[in-house]
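Asks: With the sequence up front, the predicted model follows.
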Amino acid sequence: MMLLNLLWILAPLFIGFFTVIRSKTILKLIDRSLMALIYLILLVMGLNLSAMENLDSELSKILWQTASYIVCILGMNMLFFYYLDKNLPVKTEKAEGYQSSTLSLVFNAVKLLGSIVIGLVLGKLLLANLSIELPTFKHIADLLGQGALMTLLLCVGIQLRSNGISLKAVFLNRYGLILSVAIIISSFLGGMLAAWLNGRPLLEGLAVSSGFGWYSLSASVLQKSLGPTVGSVAFFNDLFREFFAFAVIPLIMARLPLSAIGSGGATSLDFVLPLIQKTGGIKVVPIAISFGFIVNIIAPFLLVLFGSLAQ
């Protein structure tokens, strides 16, 4: 079963990576499709939440567990990264005139969270007004979510290939490899600590900590294997990492460049890469690409592995 789940996750990712597309029009269409797919996946999460019994008590549980995971995982990450910065100095270039848009970050967060709320409300309305049995409703939502996730992974693979990233350049970057090992180990320690504090199985903590900021993937995979509560905790935990990265990278890049790059996790390859380049210069970009690529490749393996073991 675990092998089938792993193939379900990795097959479209690798098919996309080994697909050569040179048309700029198609590549732009793929870029625009990614956010639409993310919104669809979050909408499906809302649909699944609407079918959950004792929803009010589950929501309070989700918020508390999410807070503990954020503090434990990010706290452990930054401790490890700080140690690396003190022992592996990296030169950066002085940022010139960079200004981050707080309003843009808040608006993006509202859109992402709004997708879940719309799915939740829509699910309640459908269950109340249509003669759909609960198991049938959940099955339809699962199929929709799986289709969206597989398409998303295919698009991500195509994006990685279209950016001209070679496997040799990625896996031979010393700093990228070290930073990848650091985030994996520190996230596992933080995840197990948070699970212990919440009285949850340690394997569940390992599963939640394996997204490394890839919120659309962790939410969908863990919702499928461990239920909508754990999937929601994973989503909010990984989503917060992106906002944390946008906030701290301009502040610490000059003094702690590895900490700045590592704070973004999987998003260091895409969403926060322009910010990394603007604040640290072109010299840190290969590190961010190597680190982000490795984390993006390893996250599906670990999510499926620990999600299956924790069932």
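Replies: That came in fine, so what should we check first?
Asks: The closest residue to residue 254 other than its chain neighbours in helix, strand or coil?
Replies: In this structure, residue 254 finds its nearest non-sequential neighbour in residue 92, 6.0 Å apart by C-beta to C-beta, 6 or more residues apart in numbering. Glycine gets a C-beta too; all of them are placed from N, C-alpha and C. Three-state assignment for residue 92 (DSSP: H, G, I helix; E, B strand; the rest coil): coil.
Asks: Am I right that residue 92 is in contact with residue 287?
Replies: No - applying C-beta atoms under 8 Å, one finds residue 92 not in contact with residue 287, separated by 10.3 Å.
Asks: Which of the two has more residues huddled nearby?
Replies: residue 287 (24 against 18; other C-beta atoms under 10 Å).
Asks: just to revisit the earlier point, so what's the residue nearest to residue 254 scoring on pLDDT?
Replies: The model reports residue 92 with a pLDDT of 76.
Asks: Over to residue 134?
Replies: So, for residue 134, pLDDT stands at 74.
Asks: I'd guessed it sits against residue 51; true?
Replies: Yes - counting by C-beta under 8 Å, residue 134 does reach residue 51; the two are 5.8 Å apart.
Asks: So between these two, which is more surrounded?
Replies: Legend: neighbour count by other C-beta under 10 Å for residue 134 and residue 51, higher for residue 51 (19 against 10).
Asks: Identify the residues contacting that one.
Replies: Contacts here follow C-beta atoms under 8 Å, 6 or more residues apart in numbering; on that basis residue 51 touches 123, 127, 134, 137-138, 141, 228.
Asks: Farthest pair within those?
Replies: 127 and 228 (14.3 Å; C-beta to C-beta).
Asks: More neighbours: those two, which one.
Replies: Neighbour count, other C-beta under 10 Å: between residue 127 and residue 228, residue 228 has more, with 26 against 16.
Asks: what's the closest non-adjacent residue to the more buried one?
Replies: Residue 228 sits nearest to residue 48 (C-beta to C-beta, 6+ apart), 4.3 Å away.
Asks: where's that neighbour relative to residue 64, distance?
Replies: Separation of residue 48 from residue 64 (C-beta to C-beta, to the nearest Å) stands at 20 Å.
Asks: Give me the more crowded residue out of the two.
Replies: residue 48 (25 against 13).
Asks: Check the offset of the strand or helix carrying residue 183 from the chain's centre.
Replies: Element membership of residue 183 [criterion: DSSP states H and E] is helix 174-197. Centre-to-centre, helix 174-197 and its host chain are 14 Å apart (C-alpha atoms, centre = their mean, to the nearest Å).
Asks: Give me the buried positions along it.
Replies: The neighbour-count check on helix 174-197 (16 or more other C-beta atoms under 10 Å) flags 175-180, 182-184, 186-195 as buried.
Asks: Quick check: what element follows that helix along the chain?
Replies: Next along from helix 174-197, by DSSP H and E: helix 202-208.
Asks: Tell me how far the following helix or strand past that following helix lies from the chain's centre.
Replies: Next along the chain after helix 202-208, taking DSSP H and E as the criterion, comes helix 215-226. How far helix 215-226 lies from its chain's middle: 10 Å, per C-alpha atoms, centre = their mean.
Asks: May I ask which helix or strand of the protein has the lowest mean pLDDT?
Replies: helix 167-171 (a mean of 65; mean pLDDT, DSSP states H and E).
Asks: Confirm for me that residue 188 is in contact with residue 209.
Replies: Yes - with contact defined as C-beta under 8 Å, residue 188 and residue 209 form a contacting pair (5.7 Å).
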